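A.B. asks: Need the 3D shape of this:
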Amino acid sequence: MTVDRVVNGIARGVFVFLYIPIAAVIVYSFNAAGTNTRFEGLTLQWYVELFQDAALMQTLQTSAIVAVITATVATAIGIMFALGLARYRGRGRASLLALIALPLIVPEIVLGVAMLSVFSATKIPLGILTLVLGHLIVSLPLATLVLMSSAAMLDPSLPEAATDLGCTPWQTFTRVYFPLLRPAVVAAWLLSFTTSFSNIVMSTFLSGVGSTTLPLKIYSSLKTGLTPSINALGALLILLTLVIVLLVGVSQMRRILVESRS
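C.D. replies: Modelled structure (predicted):
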């Protein structure tokens, strides 16, 4: 009984430790004091100033564009990798898996320096393209591993059965594989999006003039002091995350209920 209480206490302490920073961001986004050192009442002033801050909104737009492109490309390539490796059982499979997972092992700062050296040698200007390519190096292994876990559970006879029913390879993918992989595809896309959107190490090396991302903007603000608008932006991003999680959860629950009834 004592052990259970200790475990429960530790679990509660961990949850408090995890969610106190999130709660603090939301509370201080309404702080009228303009500083995080004291609280002087509620206000929506910082939300108004957030949408009037053109520079901050530009970095948010850049991060969103890069993250959407990165997540989409990483998920598309990850699907091909996952389906191919799930069906391939020959020699070299272990080596391919090791190569895919290698960027997760190598320190990201090393990857950033290497990518910067390549772009400098090839005279490719730093910007949105270099950010997307750099973020792909980090996001693609994550998307592939998530999709592989679902692709490995698929029945290997599905392609033959679909062919016998008259499906073309494209129809087999769109009508058989993709519906079965849809939950993993959503998970891989969201994970890749989050990884790209919050990336700061790779972005430090690969961002150019006019392509500063939101994490870099916030990090550079540490030198002059964070404005309350950052708290307002953080609160809105937290709300957006909760809405996305809720929508995905409701969609998955509906799919499970439909499958259980059928």
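A.B. asks: distance of G41 from A24?
C.D. replies: Separation of G41 from A24 (C-beta to C-beta, to the nearest Å) stands at 16 Å. Every residue, glycine included, has its C-beta placed from N, CA and C.
A.B. asks: Show me which of the two is the more surrounded one.
C.D. replies: In this view G41 and A24 are compared by other C-beta atoms under 10 Å, and A24 has more residues nearby, 13 against 8.
A.B. asks: Figure out how far the helix or strand hosting that one is from the centre of its chain.
C.D. replies: Here A24 sits within helix 2-28, counting by DSSP states H and E. Distance of helix 2-28 from the chain centroid (C-alpha atoms, centre = their mean, to the nearest Å) equals 24 Å.
A.B. asks: name the helices or strands packed onto the helix or strand just after that helix?
C.D. replies: Where DSSP H and E defines the elements, the next helix or strand beyond helix 2-28 is helix 45-52. Contact analysis of helix 45-52 by 3 or more C-beta pairs under 8 Å, 6 or more residues apart in numbering; DSSP states H and E lists helix 54-87, helix 228-261 as its packing neighbours.
A.B. asks: Helix 2-28 and helix 45-52, what's the angle between them?
C.D. replies: When axes from the mean of the first three to the mean of the last three C-alpha atoms, to 10 degrees is applied, the directions of helix 45-52 and helix 2-28 differ by 70 degrees.
A.B. asks: now helix 45-52 and helix 228-261, what's the angle there?
C.D. replies: Going by the same axes, to 10 degrees, helix 45-52 makes 90 degrees with helix 228-261.
A.B. asks: what residue ranges in the stretch 101-250 of the chain score low on pLDDT?
C.D. replies: 225 (pLDDT under 70).
A.B. asks: one more time with 90, if that's ok
C.D. replies: 101-106, 149-183, 208-212, 214-250 (pLDDT under 90).
A.B. asks: The helix holding A24 packs against which elements?
C.D. replies: Judged by 3+ C-beta pairs under 8 Å, 6+ apart, helix 2-28 is in contact with helix 228-261.
A.B. asks: Give the buried residues for the helix it packs on.
C.D. replies: Buried positions in helix 228-261, judged by neighbour count with 16 or more other C-beta atoms under 10 Å: P228, S229, I230, N231, A232, L233, G234, A235, L236.
A.B. asks: just the helices in the stretch 101-250 of the chain please.
C.D. replies: 108-121, 128-151, 158-164, 169-172, 178-197, 201-206, 214-221, 228-261 (DSSP state H, counting those that start in this stretch).
A.B. asks: Same list (these) but as CSV, adding distance to N8.
C.D. replies: CSV is the format used below for these (distance: least, C-beta to C-beta, whole Å):
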stretch, distance to N8
helix 108-121, 37
helix 128-151, 31
helix 158-164, 45
helix 169-172, 49
helix 178-197, 30
helix 201-206, 37
helix 214-221, 36
helix 228-261, 25
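A.B. asks: Just tell me which of these ends up closest to L85.
C.D. replies: helix 128-151 (6.2 Å; C-beta to C-beta).
A.B. asks: Between helix 108-121 and that closest one, find me the angle.
C.D. replies: Going by the same axes, to 10 degrees, helix 128-151 makes 130 degrees with helix 108-121.
A.B. asks: Return the residues in contact with A235.
C.D. replies: V25, I26, S29 (C-beta atoms under 8 Å, 6 or more residues apart in numbering).
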